[in-house]
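Chemist: Here you go, sequence then predicted model.
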Amino acid sequence: MLLPGIFVPFRAVKEDNHMKIINIGILAHVDAGKTTLTESLLYVSGAIAQQGSVDKGTTRTDTMALERQRGITIQTAVTSFAWNDYKINIVDTPGHMDFLAEVYRSLAVLDGAILVISAKDGVQAQTRILFHALQKMNIPTIIFINKIDQNGIDLQGVYQDIREKLTDDMIVMQEIALSPKIAITAISDAEKWDTVVAGNDGLLENYIAGDFLDPHELECEMRRRTRRCLLYPVYHGSAKGNIGTENLIKIMTETFFTETENRSSELCGYVFKVEHTEQKKRLVYLRLYRGTLRLRDTLELSKKKKVKITEMRILANGEMIPADHASPGEIVILTDDTLELNSVLGNENLLPRKEQLDNPIPLLRTTVALQKAEQRERLLNALTEIADTDPLLHFEIDSVTHEIMLSFLGKVQLEILCSLLEETYHLEVNMNEPSVIYLERPLKKAEDTIHIEVPPNPFWASVGLEITPLPIGSGIQYESKVSLGYLNQSFQNAVTEGVRNGLEQGLYGWEVTDCKICFRYGVYYSPVSTPADFRLLAPIVLEQALKKAGTQLLEPYLSFTLYAPQEYLARAYHDAPKYHAVIEHTLQKNDEVILAGVIPARHIGEYRSDLNDYKNGRSVCLTEIKGYQETLEEPVVQPRRPNDRLDKVRHMFQKLS
């Protein structure tokens with residue numbers, strides 16, 4: 001029985017193998033209403049009986065305090081609802097916004113996206129960043145103008161905002177009356193379809209000839225172009241009042257669904273989330289693209305590992321339910337300890353958007369210390385779990401100083417980490433100020449040999465190494481020209497390990513890269529020589545060779561695209577040298593100037609800060625990792641880590657040089 005005055009939405013739910021599955025993302029600027037729209041979709045579809053509130057903290061997503069404070073998603077949330085014969089999974093994936101590479105990885109599993117824009121605030125800085133990512137990833141996108149029930153809104157101004165700051169390829173699909181009460185109707189005037197007609201030769205011919213334009217044909221053409229990311233339809237509503245939500249669901253089902261491959265086709269699935277539950281279970285979230293996944297299947301991973309499916313769940317109306325199989329399109333949740341984030345099940349070549357899934361290199365690092373030293377083991381366990389869920393975070397323990405070293409992409413990521421350690425793991429930590437990770441590269445070819453029984457060599461070994469510089473970005477290559485018939489594998493492995501250790505610190509104290517190391521000479525005395533002699537001598541030989549070669553310091557650079565008011569153009573060129581930025585291209589569009597160039601990663605924070613101060617936050621700066629380049633400033637020297645066993649020998653050789 002329904003109580004008077006209470007609306008309980010209902011839709012027939014078909015939870016069977018024939019449901020059509022769509023995976024969508026909802027993206028928005030802070031306070032545009034992303035979380036509220038998610039709640040509205042769940043409520044109107046009948047997946048939940050009561051709509052959650054952002055203010056009360058009762059929503060299904062964005063439950064962490066830092067998520068609510070910053071308006072960003074930190075932990076991937078996945079929920080689901082059914083509508084007629086469709087199942088729609090909402091994948092709310094994290095995007096720290098420090099760098100676009102992280103956003104690309106998050107969007108890779110989507111069939112389509114809803115970009116939410118506040119009718120009151122219009123297109124904001126983060127809206128532009130998100131839209132840029134959606135375009136680059138070729139994600140079909142519907143624009144939803146939210147909060148149309150607020151006072152003082154100017155929809156024509158919002159449309160103009162979208163055209164100028166996002167795309168000209170947009171079409172407003174509804175006519176809106178705001179008073180005396182809100183009324184939303186589909187566009188009927190043929191002229192309102194100009195954008196669709198102009199992109200189709202057949203429709204354009206009919207229009208010019210004065211023939212009747214079939215509304216159904218126009219809508220089909222609009223959906224076709226939306227799926228190909230050539231058009232961005234605009235719809236309206238108010239998520240808080242559930243206005244326009246039902247129509248949005250209908251449009252999503254008509255636009256985003258595409259037929260998947262035959263169920264018997266080759267398997268392809270992608271792990272996009274790893275989660276550790278309070279019950280100490282490790283859950284793996286998988287987007288299934290092709291084939292059918294069955295309970296008790298034994299699968300070979302792309303890395304030649306095998307995994308057996310012992311427990312499987314899928315999403316149904318906001319719940320995780322046990323399943324014995326999963327069809328293409330499903331989000332599958334597995335209980336597994338071996339599958340890693342970004343793992344591919346089945347044929348990796350069938351994975352869509354594969355080129356955007358590479359993890360970027362960390363650019364910053366710092367050390368972390370506990371306020372209570374006795375909690376060190378708990379901290380290491382916590383960092384292991386967090387790094388397992390975030391491929392952009394790395395940590396290691398310094399083999400000499402035993403400090404805990406963190407490597408990461410941006411400062412927002414570090415703030416999130418501190419919040420997780422405090423809120424989830426109840427650990428209070430101190431972080432040192434992050435520093436950029438520099439690298440060293442040899443300047444020229446050089447070699448050095450240290451002979452056995454020739455002072456000050458205290459080791460029972462002779463080692464000769466040759467260093468050859470390689471182009472920036474090549475990494476390390478290693479070759480041994482010493483015969484295994486003379487020097488057996490254990491001694492050869494010891495030299496390789498010693499070289500690897502020596503590469504950790506170059507002449508300026510930073511890791512050495514972009515060179516080829518050739519082990520070209522080795523002598524041992526039997527039976528006194530041991531692999532340890534070669535392992536300890538190799539880094540000293542390497543250091544001597546590096547001194548002959550010299551090294552150049554490399555630092556990480558970013559490519560940037562800056563959108564700013566036109567009056568900023570002169571200042572942009574004036575400020576660029578201060579930040580060692582190089583502006584490569586400029587373009588004037590509407591009232592903006594668009595600048596593209598490169599900048600050292602260490603300057604991007606102050607560059608953005610100064611830019612926001614100067615233009616009151618009206619500018620947008622998109623950044624992507626470009627790679628390492630030679631630093632233009634004075635070399636930054638990092639103190640060498642002490643090594644009691646080797647430092648004395650190093651100093652003895654330094655006296656000879």
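Modeler: That came in fine, so what should we check first? Values in this document were obtained by computation on a predicted structure and should not be read as measured data.

Chemist: Which strand or helix spans residue 547?
Modeler: helix 531-549 (DSSP states H and E).

Chemist: Would you mind identifying the next helix or strand past that helix?
Modeler: strand 551-565.

Chemist: Which strands and helices lie in contact with that next one?
Modeler: strand 439-442, strand 592-600, helix 604-615, strand 620-630 (3 or more C-beta pairs under 8 Å, 6 or more residues apart in numbering; DSSP states H and E). (Each C-beta comes from the backbone N, C-alpha and C, glycine too.)

Chemist: where do the strands sit along the stretch 101-250 of the chain?
Modeler: 112-118, 141-146, 170-172, 174-177, 183-186, 232-236 (DSSP state E, counting those that start in this stretch).

Chemist: sorry, that was for the stretch 301-450 of the chain
Modeler: Taking DSSP E, counting those that start in this stretch as the criterion, the stretch 301-450 of the chain carries its strands at 306-308, 312-316, 319-322, 325-326, 331-335, 344-346, 364-370, 394-397, 404-408, 429-431, 435-436, 439-442, 446-450.

Chemist: Which among the helices and strands packed on strand 551-565 is found nearest to residue 514?
Modeler: Comparing these by their distance to residue 514 (C-beta to C-beta), the top pick is strand 439-442, with 4.4 Å.

Chemist: Mind giving me the packing neighbours of the closest one?
Modeler: strand 462-469, strand 511-512, strand 551-565.

Chemist: can we see that at 10 Å?
Modeler: Applying 3 or more C-beta pairs under 10 Å, 6 or more residues apart in numbering; DSSP states H and E, one finds that strand 439-442 contacts strand 462-469, strand 511-512, strand 515-523, helix 531-549, strand 551-565, strand 620-630.

Chemist: out of the ones you listed, which comes closest to residue 326?
Modeler: strand 620-630 (34.2 Å).

Chemist: list the buried ones in that closest one?
Modeler: Judged by neighbour count using 16 or more other C-beta atoms under 10 Å, the buried positions of strand 620-630 are 620, 621, 622, 623, 625, 628.

Chemist: Looking at those residues, which is nearest residue 502?
Modeler: Using C-beta to C-beta, those come closest to residue 502 at residue 628, 19.9 Å.

Chemist: which residues touch the closest one?
Modeler: 361, 363, 437-439, 441, 472-473, 513-514, 553-557, 601 (C-beta atoms under 10 Å, 6 or more residues apart in numbering).

Chemist: For this protein, which helix or strand comes out least confident on mean pLDDT?
Modeler: Ranked by mean pLDDT, DSSP states H and E, the weakest helix or strand in the chain is helix 65-70, scoring a mean of 59.

Chemist: Alpha carbons of the helix or strand following it, in CSV - could you do that?
Modeler: Note on helix 65-70: by DSSP H and E, the next helix or strand toward the C-terminus is strand 77-83. What follows is strand 77-83, C-alpha atoms only, in CSV (Å, rounded to 0.1, in the frame of the first residue of the first chain):
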residue,chain,number,x,y,z
ALA,A,77,32.3,3.8,-7.0
VAL,A,78,30.2,1.5,-9.1
THR,A,79,26.4,1.3,-8.9
SER,A,80,23.6,0.1,-11.2
PHE,A,81,20.0,0.4,-12.1
ALA,A,82,17.6,-1.2,-14.5
TRP,A,83,15.2,0.5,-16.9
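
Chemist: what inclination does strand 77-83 have with respect to strand 312-316?
Modeler: Interaxial angle of strand 77-83 relative to strand 312-316 (axes from the mean of the first three to the mean of the last three C-alpha atoms, to 10 degrees): 60 degrees.

Chemist: Strand 77-83: which residues count as buried?
Modeler: By neighbour count on 16+ other C-beta under 10 Å, the buried set for strand 77-83 is 77, 78, 79, 80, 81, 82, 83.

Chemist: Tabulate the residues you listed (JSON lines), appending pLDDT and distance to residue 480.
Modeler: Compiled in JSON lines, these are given as follows (pLDDT from 0 to 100; distance: C-beta to C-beta, whole Å):
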{"residue": "77", "pLDDT": "76", "distance to residue 480": "50"}
{"residue": "78", "pLDDT": "84", "distance to residue 480": "49"}
{"residue": "79", "pLDDT": "89", "distance to residue 480": "55"}
{"residue": "80", "pLDDT": "91", "distance to residue 480": "55"}
{"residue": "81", "pLDDT": "93", "distance to residue 480": "60"}
{"residue": "82", "pLDDT": "92", "distance to residue 480": "61"}
{"residue": "83", "pLDDT": "93", "distance to residue 480": "63"}
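
Chemist: nearest to residue 414, of these?
Modeler: Proximity of those to residue 414 was ranked by C-beta to C-beta; the top entry is residue 77 with 22.1 Å.

Chemist: hang on, that closest one packs against residue 331?
Modeler: No. With contacts counted by C-beta atoms under 10 Å, residue 77 stays clear of residue 331, the gap being 11.5 Å.

Chemist: okay, and the common contacts of those two?
Modeler: In contact with both residue 77 and residue 331: 90, 91, 273, using C-beta under 10 Å, 6+ apart.

Chemist: which residues in the stretch 1-150 of the chain form helices?
Modeler: With helices called from DSSP state H, counting those that start in this stretch, the stretch 1-150 of the chain shows them at 34-44, 65-70, 100-107, 125-136.

Chemist: Nearest to residue 179, out of the ones you listed?
Modeler: Among the helices of the stretch 1-150 of the chain, if distance is taken as C-beta to C-beta, the winner is helix 34-44, at 22.9 Å.

Chemist: among the contacts of residue 628, which ones are buried?
Modeler: Here, 16+ other C-beta under 10 Å leaves 361, 363, 437-439, 441, 513-514, 553-557, 601 buried among the contacts of residue 628.

Chemist: before we move on, the earlier item: flag the least confident of the shared contacts of residue 77 and residue 331.
Modeler: In terms of pLDDT, residue 91 ranks lowest among these, with 83.

Chemist: thought that one was touching residue 107?
Modeler: Yes. Using C-beta under 10 Å, residue 91 is in contact with residue 107, at 9.0 Å.

Chemist: between the two, what contacts are shared?
Modeler: Contacts common to residue 91 and residue 107, judged by C-beta under 10 Å, 6+ apart, are 25, 113, 272.

Chemist: so who does residue 457 touch?
Modeler: Residue 457 neighbours (C-beta under 10 Å, 6+ apart): 450, 451, 463, 533, 537, 540, 541, 649, 652, 653.

Chemist: contacting residues for residue 482?
Modeler: 463, 464, 491, 492, 495, 518, 519, 520, 521, 522, 523.

Chemist: ok so, going back, in a markdown table, list the strands of the stretch 301-450 of the chain along with mean pLDDT and distance to residue 576.
Modeler: A markdown table is the format used below for the strands of the stretch 301-450 of the chain (pLDDT from 0 to 100; distance: least, C-beta to C-beta, whole Å):
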| stretch | mean pLDDT | distance to residue 576 |
| --- | --- | --- |
| strand 306-308 | 85 | 51 |
| strand 312-316 | 90 | 49 |
| strand 319-322 | 88 | 51 |
| strand 325-326 | 92 | 52 |
| strand 331-335 | 93 | 45 |
| strand 344-346 | 86 | 42 |
| strand 364-370 | 89 | 23 |
| strand 394-397 | 90 | 32 |
| strand 404-408 | 91 | 27 |
| strand 429-431 | 89 | 31 |
| strand 435-436 | 90 | 19 |
| strand 439-442 | 97 | 24 |
| strand 446-450 | 96 | 36 |
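
Chemist: among those strands, which is nearest residue 221?
Modeler: strand 331-335 (30.7 Å).

Chemist: ok, and what's touching the closest one?
Modeler: Under C-beta under 10 Å, 6+ apart, the answer for strand 331-335 is 21, 23, 78-80, 87, 89-91, 109, 269, 271-273, 275, 277, 281-288, 293, 307, 309-315, 320-323, 325-326, 345.
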